[in-house]
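A.B. asks: Dropping the sequence and predicted coords here.
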Amino acid sequence: MAGLSEAAMAVLDPLVGATAASTCVRGTALSLGKTAEDLGPDDLAALEANIKRLLGPVAPESVIDDALRQIEGRL
Amino acid sequence: MSETTSVIQARASRSPVTIPAIVLVVLSALYVPLRATMESPTVSDALYNGAYLYGTALQIMLALVIVAVAITIGMKQSVGRQWLLLGLGVTMYAIGDICWTLFDLFLEIDPYPSIADAFYVAEYAFFLAALLLAIRAYSGLVETKRPLIAGVLVAAVGFGVVYAVLLQPYILSASLEELGGTWGKIVSILYPVGDVVLMLAPAVALALVVRQLGAGRLARPWWVVVAGALVFALIDSFFVYAEWAGTGLTWWMDIGYLTANLLFAIAALVAKDAYRIT
């Protein structure tokens, strides 16, 4: 079982590259006052909201929903 | 693993847009010998007219492909609107080609300058809008300010070069009669300026944005758009310069415009593939 940040990076990297994937993960952690490594399953909702906000303008909803399902599946 | 299983897996993993992309390339490649034939002094009227209409039909088809992809993505989605704007840009070019064909082939009127030019230059406006929307869309994910500044610098330097090489020595000093009236003067200025300010500069900015996405699959379609914009800006700049400097226009310049719009259509198909659920 992967940690939340590892799972998110593994799914988002092939989609938007490591830099943008890291922006999604670190941005979420920062908004919660945590580091990326400290993100846990309880932070999934916040991460999903952040991914939807950042990826919404660059990818169709179906792609974002699929990415979120994959992240959940890796936890 | 058996050979049959490998073939089945290879077919399953092949993108559903591969065949449409190959069809577009083959249909466009067929135009090359046809366009070359049009230059022959012994070409029959039927073959000349057929080749002419085939080239115009190709532009319409390329525009329809992009608009269809945009509609498939959905207009409620920002990314769908980005592709629609690009598709409308190529549609403007196709409408320009329809007008040009009508004047040149059927009405036997000199098509330059005419309403066709209004549609041709409209492609720049839609292209700029599409790329600015795409760049803004990535502003939350990657650095976009520096790419935009780089784009503005390219536009400023490019405008300076166009002014020094083309506008000042040829277009601005030419009489209205030479330019085909006021409308002729306006479009004569708009084409070279549009190539560098509205096509090349935003393409450079977009390239600097998408390079930050590395190997991310959402970057792929935009790289193809950048390639199309570079071909379009380069070929049109050559065309305008060759026309004014009297270095001679060649038929392969027509192939350049087709290649650029083909790349935009391929980009839309690559986008459809990139947005596929894996």
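C.D. replies: Okay, I see it.

A.B. asks: how about the nearest residue to B:Ala203, chain neighbours excluded?
C.D. replies: B:Ala229 (3.5 Å; C-beta to C-beta, 6 or more residues apart in numbering or on different chains). All C-beta atoms are positioned from the backbone trio N, CA, C, and that covers glycine.

A.B. asks: ok, that neighbour touching B:Met199?
C.D. replies: Yes. Counting by C-beta atoms under 8 Å, B:Met199 is a contact partner of B:Ala229 at 5.3 Å.

A.B. asks: quick revisit: which of the residues in the helix or strand harbouring the residue nearest to B:Ala203 are buried?
C.D. replies: For B:Ala229, the element it lies in under DSSP states H and E is helix B:220-245. Buried residues in helix B:220-245, defined by neighbour count with 16 or more other C-beta atoms under 10 Å in any protein chain shown: B:220-233, B:235-241, B:243-244.

A.B. asks: With stretch B:143-150 instead?
C.D. replies: Quick answer for stretch B:143-150 (16+ other C-beta under 10 Å): B:Thr144, B:Pro147, B:Leu148, B:Ala150.

A.B. asks: which of those are close to chain A?
C.D. replies: Contacts with chain A within the buried residues of stretch B:143-150, as defined by C-beta under 8 Å from any C-beta of the partner chain: none are present.

A.B. asks: Need the residues that contact stretch B:109-116.
C.D. replies: Defining contact as C-beta atoms under 8 Å, 6 or more residues apart in numbering or on different chains, one finds that stretch B:109-116 is touched by B:96-97, B:99-100, B:103-104, B:179-181, B:183-184, B:187-188.

A.B. asks: so what's B:Ser188 up against?
C.D. replies: When contacts are counted by C-beta under 8 Å, 6+ apart, B:Ser188 touches B:Pro113, B:Ile171, B:Ala174, B:Leu179, B:Val240.

A.B. asks: which residues of chain B score low on pLDDT?
C.D. replies: Scanning chain B for pLDDT under 70 picks out the ranges B:1-13.

A.B. asks: who in it is up against chain A?
C.D. replies: B:73-74, B:77-80, B:134, B:136-138, B:140-142, B:212-219, B:275, B:277-278.

A.B. asks: now the residues you listed: which count as buried?
C.D. replies: For the residues of chain B next to chain A, buried by 16+ other C-beta under 10 Å: B:73, B:77-80, B:134, B:137-138, B:140-142, B:212-213, B:216-219, B:275.

A.B. asks: Correct me if wrong: B:Gly228 contacts B:Ala267.
C.D. replies: Yes. Contact criterion C-beta under 8 Å: B:Gly228 and B:Ala267 qualify, at 6.4 Å.

A.B. asks: and the residue of the stretch 51-200 of chain B found nearest chain A, what are its phi and psi?
C.D. replies: Residue nearest to chain A within the stretch 51-200 of chain B (C-beta to the nearest C-beta): B:Ala137, separated by 3.6 Å. Here is the backbone geometry of B:Ala137 (degrees, to the nearest 10): phi -60, psi -30.

A.B. asks: now stretch A:38-52: mean pLDDT?
C.D. replies: Averaging pLDDT along stretch A:38-52 gives 96.

A.B. asks: who's in contact with it?
C.D. replies: A:3-5, A:8, A:12, A:24-25, A:27-29, A:31-32, A:34, A:64, A:67-68, A:71-72, A:75.

A.B. asks: Restricted to buried residues, select these in PyMOL.
C.D. replies: Buried subset of the contacts of stretch A:38-52, written as a PyMOL selection, criterion 16+ other C-beta under 10 Å:
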select buried, chain A and resi 3+4+5+8+12+24+25+27+28+29+34+64+67+68+71
